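Chemist: with the input below, show me the fold.
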Amino acid sequence: MGQLQAQPLVLSDSQKNWVLLGVGLGVFMSTLDVGIINVALPTLVQAFDTSFPTTQWAVLSYQLVSSGLVLGATRLGDMWGKKSLYQGGLVLFTLSSLLCAFAPSIEWLIAFRALQGLGAVFISGLGLAIITEVFPSSERGRAVGVIGSVVSLGIAFGPSAGGLLLSWSGWRSIFSINVPLGIVASFLVVRVVPPSARIEGKQKFDFFGAILALLTLGSFGLGMTLGQSQGFGSTNALILLAIAGVSFTIFLLVEAIVEQRQGAGGQGDKGTRRITILNSQCPITN
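Modeler: Have a look, this model is predicted:
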């Protein structure tokens, strides 16, 4: 039976505040990017001499990856350690932001944005999980509230920041701004975030469940996006939302069967799965 390691994270108030700053900065960077790119779409159309629907895939590729892979990412965090994967997400997000800034074509920008979304998966999905491990129950509500405020601040500040950067130094700066933020956040996480608790015993990654989650969230996200642009009565939107509904139903059935097979010996994994779903709500609500 999998059990969490009995190593409570006992930190001073100062250390916990530094952890909150490091994680919060990473979360702020990933959510800030969501609002910035939307303001830049008309500029990108002109810069790459392409169509607006094609340019929209710079947004869609990021959203589909970041929402579709979040459940699998948080499960890997339970298996391999949240700190290392969060740090990897920061590095990947920072590097892909630099690549986006130097993208030679819209096709390369779309690909780099998908890579950026992969980094955002680990930032958004594991940031809250790290906070809940570091802060005791008596302080957890305040810490989670701070992260929630950071998410809201990043989304709200994104459009205005994007407009300023576009007017001052062009579209490349909306991506390169993430580089110094990512470097500072990575340094703080390496220095102040303690190693995360892991689940002992043999762990298995639910590949089929991860694929179903990707299909569900990806279809739902794309369907909602197309519904807003083409109308929710359009064929494309209806098909995608129907796929999301069917795959979500299958996902629930498969997970229910897995729970039954695990029986009483799987209580540790059940708790982990509930934590994983709660942690995944941050990027989904963005």
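
Chemist: for Ile123, what are its contacts?
Modeler: Listed by Cβ atoms under 8 Å, 6 or more residues apart in numbering, the contact partners of Ile123 are 26-27, 29-30, 86, 89-90, 93. Using the backbone N, CA and C atoms, a C-beta is placed for each residue, glycine as well.

Chemist: which parts of the stretch 151-286 of the chain are helices?
Modeler: 173-176, 178-192, 207-230, 235-262, 267-279, 281-284 (DSSP state H, counting those that start in this stretch).

Chemist: got a pLDDT number for Ser84?
Modeler: With respect to pLDDT, Ser84 scores 86.

Chemist: use 681 as the first number from now on
Modeler: Noted, 681 is the first residue going forward, which turns the last one into Ser764.

Chemist: state the distance from the most centrally placed residue in the chain to Leu744.
Modeler: Among the residues of the chain, Val801 comes closest to the average C-alpha position under Cα atoms, centre = their mean, at 2.9 Å. Distance of Val801 to Leu744, computed by Cβ to Cβ, to the nearest Å: 11 Å.

Chemist: got it, and Leu770?
Modeler: In this view, Leu770 and Leu744 are 21 Å apart by Cβ to Cβ.

Chemist: between those two, which has more neighbouring residues?
Modeler: Using other Cβ atoms under 10 Å as the criterion, Leu770 and Leu744 rank with Leu770 on top: 31 against 20.

Chemist: quick one, grab the pLDDT at the spatially closest residue to the more buried one that is not a sequence neighbour.
Modeler: Among residues not flanking Leu770 along the chain, Ser866 sits closest, at 4.7 Å (Cβ to Cβ, 6 or more residues apart in numbering). Ser866 carries a pLDDT value of 92.

Chemist: CSV for the helices of the stretch 831-966 of the chain, including distance to Val750?
Modeler: Output for the helices of the stretch 831-966 of the chain, formatted as CSV (distance: least, Cβ to Cβ, whole Å):
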stretch, distance to Val750
helix 853-856, 22
helix 858-872, 19
helix 887-910, 7
helix 915-942, 14
helix 947-959, 8
helix 961-964, 5
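
Chemist: many thanks, I have nothing further to ask.
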